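> give the three-dimensional model of this entry:
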Amino acid sequence: MEQKNWARVRELVGYLRYDTAAELAKLNEIWELDRIFTNYLLPQQKLIEKQRHGAKVTKKHDAPATPHHRALRHERMRKRPIIRMNAAFKQIKPGALSRQILALTGQLEILSRAKQPAAAKPINRAWNN
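Numbering: from 1, shown residues only. Model prediction:
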């Protein structure tokens, strides 16, 4: 989950417009892989406390942990989901996952730029005299 809205989304796919079925299919592949990458590999800090002293704001965060580790430490977590998450975690290859996401984002950009019309060439009026 993101505390800053759209930060991870724009970091991955940029600001191009994606409105075709082929682009949607690529986006869905990217989001699935990014879900795995974010939840199992990216540690995050959660804001615990925020105090204001005049104009100064003091924030306290907990220790960085991945959402996977936070879920494992949760007191109401049952054994079966923990076993499934640990099995999924053991199968992750971070480098391969990162390369796969990068390749898909490149393919998505190619799809998006291919549908845009070519830029018009400027007319050189000096030759027409």
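> how far does whatever helix or strand E32 lives in sit from its chain's centre?
For E32, the host element (DSSP states H and E) is helix 21-41. With C-alpha atoms, centre = their mean, to the nearest Å as the basis, helix 21-41 stands 8 Å off its chain's centre.
> can I take it that E49 is in a helix?
No - counting by DSSP: H, G, I helix; E, B strand; the rest coil, E49 is not found in a helix; it is strand.
> residues in contact with the nearest residue to it once chain neighbours are set aside?
Using C-beta to C-beta, 6 or more residues apart in numbering and skipping residues adjacent in sequence, the residue nearest E49 is K60, 4.3 Å away. (Glycine included, C-beta is placed from N, CA and C.) The neighbourhood of K60, defined by C-beta atoms under 8 Å, 6 or more residues apart in numbering, consists of L47, I48, E49, K50.
> for the last one, list each beta-bridge partner.
Translated: K50. Going by DSSP bridges, K50 is paired in beta bridges with K59.
> which residues of this structure score low on pLDDT?
Scanning the chain with the threshold set as pLDDT under 70 gives 1-6, 116-129.
> so where do the strands sit in it?
For the chain, the strands defined by DSSP state E cover 47-53, 56-61.
> how about CSV for the ones you listed, with distance to L104 added?
Below are the strands of the chain laid out as CSV (distance: least, C-beta to C-beta, whole Å):
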stretch, distance to L104
strand 47-53, 32
strand 56-61, 32
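> closest one to M77 among these?
Proximity to M77 (C-beta to C-beta) singles out strand 47-53 among the strands of the chain, at 20.5 Å.
> and that closest one, how far out from the chain's middle?
What separates the centre of strand 47-53 from the centre of its chain is 27 Å, taken as C-alpha atoms, centre = their mean.
> do the same with stretch 70-84
On C-alpha atoms, centre = their mean, the centre of stretch 70-84 falls 24 Å from the chain's centre.
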